[in-house]
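K.L.:
Take a look and give me a structure for this.
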Amino acid sequence: MKTVTSLLKKSWHWLTSMRTALALLFLLALAAIPGALLPQRSLNETNVNDYLANNGRLAEIYDKLMLFDVFQSPWFVAIFVLLIISLIGCIIPRSVDHWKAYRTPPTKAPKYLHRLPLHMEGTVEHSFAEVRATTLGQLKRWHVKETSAAEDRAGVYSISAERGYGRELANLIFHLALVAMMLTMVAGRIVYYEGHTIVVTESQAESALPVNQSKEFCNTSTSNFDSFRAGALFDGTGLTPFCFVAHNFYADYLANGQAEMFTSDISYALGEDVTSDPETWTDYQLQVNHPLRIAGDRVYLQGHGFAPQFTVTWPDGESRTQMLQWQPTDPTFFLSSGVMRFDPPAGMYPDLYERRQNQIAIQGLFAPTAEWAGDNGELLQSGYPAMRDPAVAIDVYRGDAGLDTGRGQSIFELDPSLIHSGQLQRIERVNLEKGESVTLDDGTTVTFDGAAEFANYQISHDPFQNWVLVSTLVMLGSLVGSLVIKRRRIFIRLEQLADGTTRVELGGLARTDRAGWGPEFDRIARGILELPDADEVEEDGLVDDDIINVGVSR
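P.N.:
Down below sits the predicted model:
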């Protein structure tokens, strides 16, 4: 039993040592590197799947080691928890020691003050009582202890003073703030939520189409988001109820196509105001790094892209028009890819199975400013990110597009299994500019009407974000304090001489770096010895040693 208890004590002392805390902090930083270099499932599962498909056995090993889920992995959490325990175990005993040290009077003066790094002595033509009062006045903000001649090591009345306790206090506050920052970050990730929604908006481009679909988003249900993720303790019922309408989106570009600024004008309402007239809602201009902050939530303008519009007209004259966002594959000039699916009119195919076999699917590329390359000039490229001359290069399929199967469908690509199995058959490949059409073999026409722009809005909620900021600022401020504040001691002996003057001897000792302590010691010593300032001495051409040795009479 004693062996187990001894082992537990040794383990606890090892865990709560500052050396162990530093090692764990370094290990935590090292463990976070894969999370920065490798795609993470919590951020983008598609990228993880692509990495697994392209890197074979190595990616499988990474996956078994949970390198694609670093920050949710047991080994990362274990390091994090051990670091928190280690830091708390370091802070508590150090806080107790600091309090005891602060309550303990300064130590007695050593016998030989001239052996200290800083030393000065002289004679002042004032009585002992007057010099003592002057000395205590100079040490007004110091932690002072007076020692009688009977108790002093040299048999002379002495004063011991110490200052710089704030250094250790700042050091403790730094570690407390570090723990607070880590805990508030964890707490925030447990209760946070974050969602993305894509809204097709009006565009300032002359070639852009008007948008007839809803441009409103309401933060009232998780199902309203295009993608949503939340912490372990968020059950989806605590959303902040607000709505906004995205009036437009416009981007400013440099001549080389580099984006300069993204802007979206919106109107929003909170709580019961969402039922009021939208004309009375509050206007706000969203820009990159200028989010809307509303009732603890933040609305960011996250990205943008284009939403082409196609109209399919069947031989009986019925038509379907659809506008849907496509995914930018080129982040510079916004060459985008995507798909659309159309169900034929019920009157043409009364039989449900037959109608399913005649669905229309479109898959291809969209360029906001078309450029044609290749041997025949038919390879679509994008030459500029703004919509100046839109065009598409599409494949048109007929067959079962999976519209009514009950399975989720990607809005950016067709199910390849449907194509490989022959359920979807390509019947046309064509390039279309705005307003152009293609006629299929059964008389159905597919028209590219043009495009509009969409904006991606991110809604984030983290009630601990302000606490993370506060603890971080406190941590940085206390770190500066721990570096700037100097722990120092000064010892002063006063001896009444027979002629009524008082002999003064001073010694100074820095308990940390000496830098910055010498001038302060010199100022105190000159104030007690009634010497002129160092600048005055240099101007008069006097030597300090001569003044000190002879004494001063003023």
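K.L.:
could you say what helices and strands the top helix by length along the chain packs with?
P.N.:
When the chain is parsed with DSSP state H, its longest helix is helix 74-103. The contact analysis (3 or more C-beta pairs under 8 Å, 6 or more residues apart in numbering; DSSP states H and E) places helix 74-103 against helix 2-15, helix 18-37, helix 165-191. For every residue, glycine as well, the C-beta is placed using N, CA and C.
K.L.:
highest average neighbour count across the ones you listed?
P.N.:
Ranked by mean neighbour count, these are led by helix 165-191 with a mean of 18 (mean count of other C-beta atoms under 10 Å).
K.L.:
any idea of the angle the helix or strand containing residue 458 forms with helix 165-191?
P.N.:
Here residue 458 sits within strand 445-461, counting by DSSP states H and E. Using axes from the mean of the first three to the mean of the last three C-alpha atoms, to 10 degrees, the inter-axis angle of strand 445-461 relative to helix 165-191 is 140 degrees.
K.L.:
on that earlier part again, what is the mean pLDDT for the longest helix of the chain?
P.N.:
Regarding helix 74-103, the rounded mean pLDDT is 88.
K.L.:
which residues in the stretch 451-554 of the chain form helices?
P.N.:
For the stretch 451-554 of the chain, the helices defined by DSSP state H, counting those that start in this stretch cover 465-484, 518-529, 534-540, 544-550.
K.L.:
pLDDT at residue 454, what is it?
P.N.:
The per-residue pLDDT reported for residue 454 equals 91.
K.L.:
Now do the contacts for it.
P.N.:
198, 199, 200, 201, 249, 304, 305, 306, 307, 325 (C-beta atoms under 8 Å, 6 or more residues apart in numbering).
K.L.:
what's the pLDDT at the closest residue to residue 70 other than its chain neighbours?
P.N.:
Excluding the flanking residues, the one nearest residue 70 by C-beta to C-beta, 6 or more residues apart in numbering is residue 35, at 3.6 Å. What the model reports as pLDDT for residue 35 is 88.
K.L.:
and of the helices and strands packed on helix 74-103, who's closest to residue 358?
P.N.:
Closest approach to residue 358 among the helices and strands packed on helix 74-103 (C-beta to C-beta): helix 18-37, 48.0 Å.
K.L.:
okay, the angle between the closest one and helix 165-191?
P.N.:
Interaxial angle of helix 18-37 relative to helix 165-191 (the same axes, to 10 degrees): 40 degrees.
K.L.:
So this protein: which segments form each domain?
P.N.:
Domains of the chain are assigned by automatic domain parsing as 2-95, 105-164+486-550, 193-461.
K.L.:
between those domains, which gets nearest to residue 185?
P.N.:
Residue 185 sits nearest to domain 2-95 of all the domains of the chain, at 9.9 Å, using C-beta to C-beta.
K.L.:
From the chain's centroid, how far away is the closest one?
P.N.:
19 Å (C-alpha atoms, centre = their mean, to the nearest Å).
K.L.:
Over to stretch 378-390?
P.N.:
On C-alpha atoms, centre = their mean, the centre of stretch 378-390 falls 35 Å from that of its chain.
K.L.:
For it, list every residue counted as buried.
P.N.:
The neighbour-count check on stretch 378-390 (16 or more other C-beta atoms under 10 Å) flags 380, 381, 382, 383, 384, 385, 386, 387, 389, 390 as buried.
K.L.:
do the same with stretch 434-443
P.N.:
Under the neighbour-count criterion of 16+ other C-beta under 10 Å, stretch 434-443 has 434, 438, 440 buried.
K.L.:
What residue, apart from its backbone neighbours, is nearest the first one spatially?
P.N.:
If I follow you right, that is residue 434. Excluding the flanking residues, the one nearest residue 434 by C-beta to C-beta, 6+ apart is residue 450, at 4.6 Å.
K.L.:
where exactly do the helices run in the stretch 101-250 of the chain?
P.N.:
128-138, 165-191.
K.L.:
elements contacting the strand or helix carrying residue 366?
P.N.:
Secondary structure assignment for residue 366, by DSSP H and E: strand 359-367. Helices and strands touching strand 359-367, by 3+ C-beta pairs under 8 Å, 6+ apart, are strand 297-313, strand 336-342, strand 379-382, strand 391-399, strand 445-461.
K.L.:
Dump those strands to JSON lines, plus distance to residue 69.
P.N.:
Listed next are the helices and strands packed on strand 359-367 as JSON lines, based on distance: least, C-beta to C-beta, whole Å:
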{"stretch": "strand 297-313", "distance to residue 69": "23"}
{"stretch": "strand 336-342", "distance to residue 69": "28"}
{"stretch": "strand 379-382", "distance to residue 69": "35"}
{"stretch": "strand 391-399", "distance to residue 69": "36"}
{"stretch": "strand 445-461", "distance to residue 69": "21"}
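K.L.:
closest one to residue 189 among those?
P.N.:
Nearest to residue 189, of all the helices and strands packed on strand 359-367, is strand 445-461, at 11.9 Å by C-beta to C-beta.
K.L.:
Centre of the chain to stretch 460-472, how far?
P.N.:
That offset, for stretch 460-472, works out to 10 Å (C-alpha atoms, centre = their mean).
K.L.:
could you dump it to PDB, C-alpha only?
P.N.:
Extracted as PDB, the C-alpha positions of stretch 460-472 are listed here (Å, rounded to 0.1, in the frame of the first residue of the first chain):
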ATOM      1  CA  SER A 460     -21.900  31.500 -36.000                       C
ATOM      2  CA  HIS A 461     -22.700  31.400 -32.300                       C
ATOM      3  CA  ASP A 462     -20.200  31.000 -29.600                       C
ATOM      4  CA  PRO A 463     -21.200  32.400 -26.200                       C
ATOM      5  CA  PHE A 464     -17.600  32.000 -24.800                       C
ATOM      6  CA  GLN A 465     -15.900  34.000 -27.600                       C
ATOM      7  CA  ASN A 466     -15.700  37.200 -25.500                       C
ATOM      8  CA  TRP A 467     -14.300  35.300 -22.600                       C
ATOM      9  CA  VAL A 468     -11.600  33.800 -24.800                       C
ATOM     10  CA  LEU A 469     -10.700  37.300 -26.000                       C
ATOM     11  CA  VAL A 470     -10.600  38.600 -22.400                       C
ATOM     12  CA  SER A 471      -8.500  35.800 -21.100                       C
ATOM     13  CA  THR A 472      -6.100  36.100 -24.100                       C
END
